[in-house]
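>>> Everything below, folded, please.
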Amino acid sequence: MKKTKKQLENEIHHRNAVKELQSILGEVYLGGGKKRLEKKRSEGKLTARERISYLLDKNTPYQEIGALTAHNQYQDHGGCPSAGVITILGYVNNRLCIVVANDSTVKAGAWFPLTAKKNLRAQEIAIENKIPILYLVDSAGIYLPLQDEVFADKEHFGRIFRNNAKLSAMGVPQLSAVLGSCVAGGAYLPIMSDETIMVEGAGSIFLAGPYLVKAAIGETIDAETLGGAHTHNAISGVADYKAKDDKEALDILKQIVGSLKLPKTAGFDRIKTESPLIASEEIYNRLPSKRSEAYDTHTIIDAIVDANSFLAYKESYGKSLITGYARIDGWAVGIVANQRKIEKNAKGEMQIGGVIYSDSADKATRFIANCNQKGIPLVFLHDVTGFMVGSKSEHGGIIKDGAKMVNAVSNSVVPKFSVVMGNSYGAGNYAMCGKAYDPRLIVAWPSAEIAVMSGGSASKVLLQIEEAKLQKQGSTLSDKEKQTLLENIESKYKESTSPYYAASRLWVDAIIDPVETRKLISLGIAMANHNEETHTFNMGVLQV
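Predicted coordinates:
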């Protein structure tokens, strides 16, 4: 079918956005830069990404978590690509694992504040889904200039070791390969793992290095004798295996992973996969290039779910939300998606696309309860500007109905997955299972915007506040001054709504090409299927 001019404009816009994403990721993948990567290789070592590539099974799906963490942050400290640590969900010897690898080309693998946050996110994934976590250790410890932001608080460095202990008590496998430095408090991480491999001449574990030992007690000793692979395998008994190089250490790690018992699954239903009704690439021309434009979200869903699998729930009621059962790569899912099409409700009233009304919230609450009753994972597709406001909505109980939906999302016991396709504003972000509501994975498309409200609305509100402030001081703004101030506010606000801003702070796990959505959700459900624990869905006071 021939594409319209508008569809072609949309496609060009989104393909360019994906190219920009790939370009930015290409820079991120260089870690500390080409020179440092080559230096690593010249020492006979693999880089962090090469280590992960060697470890993962070939031709199997994987997803990097937090590749853009710390993007454009810590510039006063020379930057910190990927927060100096790489975390990837993927298959190792036919077992789905989360792999955490320090990148020693970035500040010697030192821990920045966001490094700790990213490590905690990886451990959270292991805890929630009962999947093995593999640490590839090569780190100089805490980045001292920022130690006050990474050391003492609940979600700081120490929480890593607390989680090591919790994971162990839960029976979740933790394995470490020490491929470089492992010093000070960081030395506890591999030792609190189930088993530890060390590389001769490269791996070292000690609470204090040779210089500090000399300063503290006057003892002169080299790093290998103090805490090298031979010392900890033959003398201290701290480590369990010794390897001659990176590849042998990773081979041992793969062998151990292959011996782990198979998980008891949660039993999420899966049948033979079917391709979508329309190619996933069609998302590019069906999603408007401008976030304010309306469109029929069904056309996006058709490019994500298996062909002819979507069964609408309460199709004619609460039309500003789409709810229904479907299959994604064969997995049974429940979909909650914002409908961006402007259409009439049952009363003949026009409803604004992307806004959640009382009837929509009521429908979603009931649907979420049904999915929990049936044990069906939930997929939330965001393009929401918030809940409907105004006297009519307030008198109709929008707060009550919205609270019920938020309550249902909060107390849902089935795995939840969130995809921010477009807008994700205000309480709409919460109701659609934003980061605060524990989605197993949350990703954004390059077209996403995450904020309290849109840039245009926020700019006008902030301008009104500024004008009111000046009026109290007896001053006014000319039309030109108003326009300049509005543009400045909007420009600054727009930067903070970008998906890159969100990914940099780990508000989303990744920014993905829209065509990768099916793969991401399928991998996520396979991950969640490892946790057989069942819980009863209970909304408390706000019953459906």
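
>>> if I look at residue 11, how far off is residue 289?
Using C-beta to C-beta, to the nearest Å, residue 11 is found at 9 Å from residue 289. (Glycine included, C-beta is placed from N, CA and C.)

>>> now do residue 121
Distance of residue 121 to residue 289, given as C-beta to C-beta: 32 Å.

>>> How about residue 321?
Taking C-beta to C-beta as the measure, residue 321 and residue 289 are separated by 24 Å.

>>> Who has more neighbours out of those two?
When residue 321 and residue 289 are compared for neighbours, residue 321 comes out ahead with 27 against 17, by other C-beta atoms under 10 Å.

>>> what's the pLDDT at the more buried one?
Per-residue confidence at residue 321 stands at 97 (pLDDT).

>>> Would you agree it is in contact with residue 336?
Yes: counting by C-beta atoms under 8 Å, residue 321 does reach residue 336; the two are 6.5 Å apart.

>>> Next, show the common contact partners of the two.
Contact criterion C-beta atoms under 8 Å, 6 or more residues apart in numbering; residues shared by residue 321 and residue 336: residue 364.

>>> Stretch 326-346 - what's its average pLDDT?
Mean predicted lDDT for stretch 326-346 stands at 92.

>>> Output that stretch as PDB, nothing but the C-alphas.
Below are the C-alpha coordinates for stretch 326-346, written out as PDB (Å, rounded to 0.1, in the frame of the first residue of the first chain):
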ATOM      1  CA  ALA A 326      -3.000 -10.800  23.200                       C
ATOM      2  CA  ARG A 327       0.100 -12.900  22.400                       C
ATOM      3  CA  ILE A 328       3.600 -11.500  22.100                       C
ATOM      4  CA  ASP A 329       6.100 -14.000  20.600                       C
ATOM      5  CA  GLY A 330       3.700 -16.700  21.700                       C
ATOM      6  CA  TRP A 331       3.400 -15.500  25.400                       C
ATOM      7  CA  ALA A 332       0.000 -14.600  26.700                       C
ATOM      8  CA  VAL A 333      -0.200 -11.000  27.800                       C
ATOM      9  CA  GLY A 334      -2.600  -8.400  29.000                       C
ATOM     10  CA  ILE A 335      -2.200  -5.000  27.300                       C
ATOM     11  CA  VAL A 336      -3.100  -1.600  28.800                       C
ATOM     12  CA  ALA A 337      -2.500   1.100  26.200                       C
ATOM     13  CA  ASN A 338      -3.400   4.800  26.000                       C
ATOM     14  CA  GLN A 339      -5.700   5.400  23.000                       C
ATOM     15  CA  ARG A 340      -4.500   8.600  21.300                       C
ATOM     16  CA  LYS A 341      -7.500   8.700  18.900                       C
ATOM     17  CA  ILE A 342     -10.100  11.400  19.600                       C
ATOM     18  CA  GLU A 343     -13.500   9.900  19.600                       C
ATOM     19  CA  LYS A 344     -16.900   9.900  21.300                       C
ATOM     20  CA  ASN A 345     -17.700   8.000  24.500                       C
ATOM     21  CA  ALA A 346     -21.000   6.100  25.100                       C
END
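
>>> and the longest helix along the chain, which residues are buried?
In the chain, taking DSSP state H as the definition, the longest helix is helix 5-28. For helix 5-28, burial by neighbour count (16 or more other C-beta atoms under 10 Å) applies to 7, 10-11, 13-14, 17-18, 21, 24-25, 28.

>>> Could you dump the residues you listed into a markdown table and include distance to residue 480 and pLDDT?
Formatted as a markdown table, these follow (distance: C-beta to C-beta, whole Å; pLDDT from 0 to 100):
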| residue | distance to residue 480 | pLDDT |
| --- | --- | --- |
| 7 | 38 | 93 |
| 10 | 35 | 96 |
| 11 | 38 | 96 |
| 13 | 31 | 97 |
| 14 | 35 | 97 |
| 17 | 33 | 98 |
| 18 | 38 | 98 |
| 21 | 37 | 98 |
| 24 | 36 | 98 |
| 25 | 41 | 98 |
| 28 | 41 | 97 |
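
>>> what's the closest of those to residue 220?
Comparing the buried residues of helix 5-28 against residue 220 with C-beta to C-beta places residue 28 closest, at 41.1 Å.

>>> list the helices and strands the helix or strand hosting residue 427 packs on?
Secondary structure here is read from DSSP states H and E; on that basis residue 427 sits in helix 426-431. Contacting helix 426-431 under the criterion 3 or more C-beta pairs under 8 Å, 6 or more residues apart in numbering; DSSP states H and E are the following elements: strand 378-384, strand 386-387, helix 398-411.

>>> Next, count neighbours for residue 391.
Applying other C-beta under 10 Å, I find that residue 391 has 7 neighbouring residues.

>>> Equivalent analysis for the one 5 residues further on, please.
Counted by other C-beta under 10 Å, the residues lying close to residue 396 total 15.

>>> Quick check, it in contact with residue 359.
No: Residue 396 sits out of contact with residue 359 when judged by C-beta under 8 Å, with a separation of 9.1 Å.

>>> Looks like residue 157 contacts residue 143 (just checking).
No: at 10.3 Å, residue 157 and residue 143 do not qualify as touching, with contact defined as C-beta under 8 Å.

>>> hey, what's in contact with both of these two?
Residues touching both residue 157 and residue 143 (C-beta under 8 Å, 6+ apart): 111, 150.

>>> Let me know the outermost residue of the protein.
Of all residues in the chain, residue 474 sits farthest from the chain's C-alpha centroid, using C-alpha atoms, centre = their mean; the distance is 48.4 Å.

>>> Residue 448 versus that residue, what's the distance?
According to C-beta to C-beta, residue 474 stands 43 Å off from residue 448.

>>> next one: residue 370
In this view, residue 370 and residue 448 are 28 Å apart by C-beta to C-beta.

>>> And those two? Which one has more around it.
When neighbours are counted by other C-beta under 10 Å, residue 448 comes out ahead of the other of residue 370 and residue 448, with 24 against 16.

>>> Let's see the pLDDT reported for that one.
Listed pLDDT for residue 448 reads 96.

>>> show me the contacts for it.
Under the contact definition (C-beta under 8 Å, 6+ apart), the residues listed for residue 448 are 382, 420-424, 499, 502, 508, 511.

>>> farthest pair in the residues you listed?
With C-beta to C-beta as the measure, no two of those lie farther apart than 423 and 511, at 15.5 Å.
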